[in-house]
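Chemist: okay, sequence plus prediction incoming.
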Amino acid sequence: MAHWIEPQPTGIYVRPADAWIDPSLPQERALVTHGHADHARGGHGHVWATRETLAIMGLRYGTASGTAVDYGEDVRLGGVTIRYVPAGHVLGSAQIILDHAGERVVVTGDYKRRPDPTCLPFEPVPCDIFVTEATFGLPVFRHPDTGSEMDRLLAALHANPDRCVLVGAYALGKAQRVIAELRGRGHHDAIYIHGALERMCALYQDFGVELGALRPATGVPAKEMRGHIILSPPSALNDRWSRRLPDPITAMASGWMRVRQRARQKNVELPLVISDHADWDELTDTIREVAPNETWITHGREEALLHWCMTHQIRARALALVGREDEDEG
Amino acid sequence: MRGFSQLLDGLVYTRSRNGKLGLIATYLRDAPDPDRGWALAALTGSLDLKTVKSSAISEMIRARTDPILYEMSRDYVGDLAETVALLWPKRTDQPAELDDGSLSLSAIIDRLHNVSRAAAPDALAHMMDHLDSSGRFALLKLATGGLRVGISARLAKTAFAQAFDLDVDDVEQVWHALSPPYAALFDWAEGRAGRPDPEGTPYFRPFMLAHPLEADSVDLTDYAAEWKWDGIRIQIVGTGRETRLYSRAGDDISGSFPEIAAAFTGQAVLDGELLVKGEFQGGEAASFNALQQRLGRKAVTTKMMEDYPAFVRLYDMLIEGEDDIRALPWHQRRTRLEALAPTLDPHRFDLSQVIEAADFAALANIRAGARDAAIEGVMLKRRDSPYVAGRKAALWYKWKRDPLTADCVMMYAQRGHGKRSSFYSDYTFGCWTPEGELLPVGKAYSGFTDEELKWLDRFVRQNTVNRFGPVREVEKTLVLEVAFDSIHDSKRHKSGLAMRFPRIARIRKDKPAHEADMIEGLRKLVV
């Protein structure tokens, strides 16, 4: 007989609850881990997610009917007890803990273990089946300390008072984290943002995340932006939009920046290795920590993590989920 | 090591020449001695280390990590040094990303100098443990010989000159009198000592350059005419004990053309064009295409030297023996060169002939009739001109053959770099086969004005039919008139043709794509 929880190409199906976790197709009942587009799609009948995630989905897809679930609150759905626990990935991100028939399954969605001033830290939950991401599932990915990366960003800014530093950062999560990290390091100058970031930054501020003075980068004379940090989505870095800026130093905040060729391909001059995903050490340490009977690997470089599990006598399988991984999002 | 590894990282990510110069200059000003001298040696390719083989490095990492994870990582990253630098497992009591500051660049160079080949992997591993990933990358690049950060020796010297407010040609002159870590050079640059004496060393002298001819004619009683050869400009500097070859940019290219350097044993400084002999030309100078096979190689195989035999067509002499003759008029230098040339190895050296023409009109006719693959046009040199550095008005002119043109159809576009990174500014264009298929014949990224670039960029964005990473395929509707110096057989394009120096001459908005040129027509222009 099939297991009560079943990975399918379009999401993870929870049979007794007749619900899908992060389905990539519209479903009647969807349990959503966080607001990134490859996990949260529009068009579901009913969504269970954290208040923050629902707000993010509302912003992106218009009003979604949904049930707001508090972290730690128990939700009963067809004989399954469901709990949302912080994943440390972005505002509102959650691991979904499912208890049924004496068995516990943890679906991490995306997660990281580094401190992030914009969201609650990841909570390890021991379980029988651990369903983990593997975006940076190769041992070459070891993210450096965030502080040293922020120092490099500020050093470049201060060394070039006649220019500006344009930081490419994913619109949900990374952009707000970079801003909050800058504020935490005493950088209180106005930060200019691309129009595509405005509403998401406002949403973060509504949820109490302090982002300081933000100004639109559109409709401002280039002169005014000299010596300032400007944030845009990665796609705008080398696009027409950036022509208006005063001689920008192109930076990008992403875990992919660890590989030189990746940074060069994107014409990035100042690669900042700042990631919202677990790096190799965090992935493997977390598996050890939650000590599951079995590990399922959802998306990313699953072969390497699968191999690591094998060599450490951890039962593991790779799931082939479609539509995951937006590389801009690292 | 951190200063040097950060410099290398900066050079990897910085595209603009000025940006690179600034990074190197800052480092050379701020870094301690003798680190900065060793860095300068590494950047100019003057560091002579016994190199560690890449197989030894893969073995080293296999012994420390899971070989399968290593293979997967290597597949993903590509570059061996970078894979190992990123993958290197640090001691568990140490964060992965920490340069503990215990190793200076000079300590590393010292260790690499003195270690035996057998002990090298262990020594390397020990050093890796003390570095962060940038440091490990720099170390592995040093140990495997070749930084490959897109810096020429000349650029590094230019940065040195910039750092200390010196003239790069002055630096160039003293360069070969010195050796790493260049203490005497830094002493001079920072005013602690006088200028090192370059006497007796084979140093580079700046080339004399030509202006394009703009006048309708010149008087041939004042100007002598020579062919302009389509090779690379080369300076041969012999001291009697040693001979070096320099490119137009002042880079030492002796290693790429050892047969030329070996064939000249005299004491002189000569100016000429480096060419290869083509079998299809009956032993005459071959096209630039053939020469390209020999360019940019650090080491050259016997087979390369046999297949593409190099020789130098001489056209000027700067120094003969102890005699600096640069101040003499051209005709006197020419007389002395004509006397010297027959004494040289005829396989490696010949004399660029002066073109005899009754008047300018006759010269124009001769120029128009020239179809030799290695001829790019005509040079006009004032008979009384001294040999002076750089481009001096009215002394030397180049009168290039009129460019060929073809009407081609834009097929693909790619974004440029630096200031042009938001513009689709590199265009691949094609011509028609008899079956009505377009095949690419070349790629151009110049020749248009800023206004035209904006127009072309908009055209690309509005007519994209497909995207392949950074490349866009466009609707095949836009005709570009492409100018080029010559066209050659090539295996690179499916059309079997490659243009030399193609540029966009005009945007032919008026011309329908099906009226663009045929491949067949272009093939008739191959020389």
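Modeler: Structure received.

Chemist: what residue in the stretch 401-527 of chain B comes nearest to chain A?
Modeler: B:Ser421 (4.7 Å; CB to the nearest CB). (Glycine included, C-beta is placed from N, CA and C.)

Chemist: quick one: contacts for that residue?
Modeler: Residues in contact with B:Ser421, defined by CB atoms under 8 Å, 6 or more residues apart in numbering or on different chains, are A:238, A:250, A:267, B:415.

Chemist: sec struct for the second one, please.
Modeler: This points to A:Thr250. Under the three-state scheme (DSSP: H, G, I helix; E, B strand; the rest coil), A:Thr250 adopts strand.

Chemist: how much space separates it from chain B?
Modeler: 8 Å (CB to the nearest CB, to the nearest Å).

Chemist: so how far is A:Ala236 from that residue?
Modeler: 11 Å (CB to CB, to the nearest Å).

Chemist: which of the two has more neighbours?
Modeler: Taking other CB atoms under 10 Å in any protein chain shown, A:Thr250 and A:Ala236 do not tie; A:Thr250 has more neighbours (23 against 20).

Chemist: mind putting the contacts of B:Ser421 in a markdown table, distance to A:Ile96 included?
Modeler: Converted to a markdown table, these look like this (distance: CB to CB, whole Å):
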| residue | distance to A:Ile96 |
| --- | --- |
| A:Asn238 | 37 |
| A:Thr250 | 37 |
| A:Asn267 | 38 |
| B:Arg415 | 41 |
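
Chemist: narrow these to those that are buried.
Modeler: For these, a burial check counting by 16 or more other CB atoms under 10 Å in any protein chain shown picks out A:238, A:250, A:267, B:415.

Chemist: could you report the pLDDT at the second one?
Modeler: At A:Thr250, the model reports a pLDDT of 94.

Chemist: which of the residues in stretch B:15-25 are buried?
Modeler: B:15, B:19-25.

Chemist: what does it rub up against?
Modeler: By CB under 8 Å, 6+ apart, the list of residues contacting stretch B:15-25 reads A:267, A:269, B:7, B:10-11, B:14, B:43, B:150-151, B:155-156, B:158-160, B:162-163, B:417-418.

Chemist: of those, which belong to helices?
Modeler: B:7, B:10-11, B:43, B:155-156, B:158-160, B:162-163 (DSSP state H).

Chemist: where do the strands sit along the stretch 151-300 of chain A?
Modeler: When secondary structure is read from DSSP state E, counting those that start in this stretch, the stretch 151-300 of chain A shows strands at A:164-168, A:191-193, A:214-216, A:229-232, A:248-253, A:270-272, A:294-300.

Chemist: redo the ones you listed as TSV? Include distance to B:Gly321.
Modeler: Converted to TSV, these look like this (distance: least, CB to CB, whole Å):
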stretch	distance to B:Gly321
strand A:164-168	58
strand A:191-193	66
strand A:214-216	71
strand A:229-232	63
strand A:248-253	53
strand A:270-272	54
strand A:294-300	70
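
Chemist: ok, so of the buried residues of stretch B:15-25, who is nearest B:Ala341?
Modeler: Comparing the buried residues of stretch B:15-25 against B:Ala341 with CB to CB places B:Leu21 closest, at 39.0 Å.

Chemist: before we move on, which element is the closest one in?
Modeler: Using DSSP states H and E, B:Leu21 sits in helix B:17-30.

Chemist: distance between that helix and the chain's centre?
Modeler: In terms of CA atoms, centre = their mean, to the nearest Å, the centre of helix B:17-30 is set 20 Å apart from its chain centre.

Chemist: quick one, what contacts residue 248?
Modeler: No chain was given, so I picked chain A. A:163-166, A:230, A:242.

Chemist: meant chain B actually
Modeler: Residues near B:Arg248 by CB under 8 Å, 6+ apart: B:207, B:232-234.

Chemist: how about B:Asp187: what's its closest non-neighbour residue?
Modeler: Leaving out its chain neighbours, the residue that sits closest to B:Asp187 by CB to CB, 6 or more residues apart in numbering or on different chains is B:Ala193, at 3.9 Å.

Chemist: how about the residues of the stretch 301-450 of chain B near chain A?
Modeler: Residues of the stretch 301-450 of chain B lying close to chain A (CB under 8 Å from any CB of the partner chain) are B:415, B:417, B:421-422.

Chemist: make a markdown table from these and add secondary structure, distance to B:Tyr223 and pLDDT to it.
Modeler: Below are these laid out as a markdown table (DSSP: H, G, I helix; E, B strand; the rest coil; distance: CB to CB, whole Å; pLDDT from 0 to 100):
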| residue | secondary structure | distance to B:Tyr223 | pLDDT |
| --- | --- | --- | --- |
| B:Arg415 | strand | 44 | 84 |
| B:His417 | coil | 40 | 73 |
| B:Ser421 | coil | 44 | 75 |
| B:Ser422 | coil | 46 | 80 |
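
Chemist: pick out the most distant pair among these.
Modeler: Using CB to CB, the two most remote members of those are B:His417 and B:Ser422, lying 10.7 Å apart.

Chemist: the two: who's more crowded?
Modeler: B:Ser422 (18 against 13).

Chemist: I'd say the more buried one and A:Ser235 touch.
Modeler: No: between B:Ser422 and A:Ser235 there is no contact under CB atoms under 8 Å: 11.8 Å.

Chemist: mind checking the SS state of B:Pro121?
Modeler: helix.

Chemist: residues contacting it?
Modeler: By CB under 8 Å, 6+ apart, the neighbours of B:Pro121 are B:52, B:56-57, B:59-60.

Chemist: you'd agree B:Leu147 is up against B:Phe137?
Modeler: No: counting by CB under 8 Å, B:Leu147 stays clear of B:Phe137, with 10.1 Å between them.

Chemist: next, the angle from the longest helix anywhere in chain A to helix B:17-30.
Modeler: The longest helix of chain A (DSSP H) is helix A:146-159. Angle of helix A:146-159 versus helix B:17-30, following axes from the mean of the first three to the mean of the last three CA atoms, to 10 degrees, is 100 degrees.

Chemist: contacts for helix A:146-159?
Modeler: A:114-115, A:165, A:167, A:181-182, A:185, A:187, A:227-229, A:249, A:251, A:253, A:270, A:272-274, B:97.

Chemist: thank you kindly, that will do.
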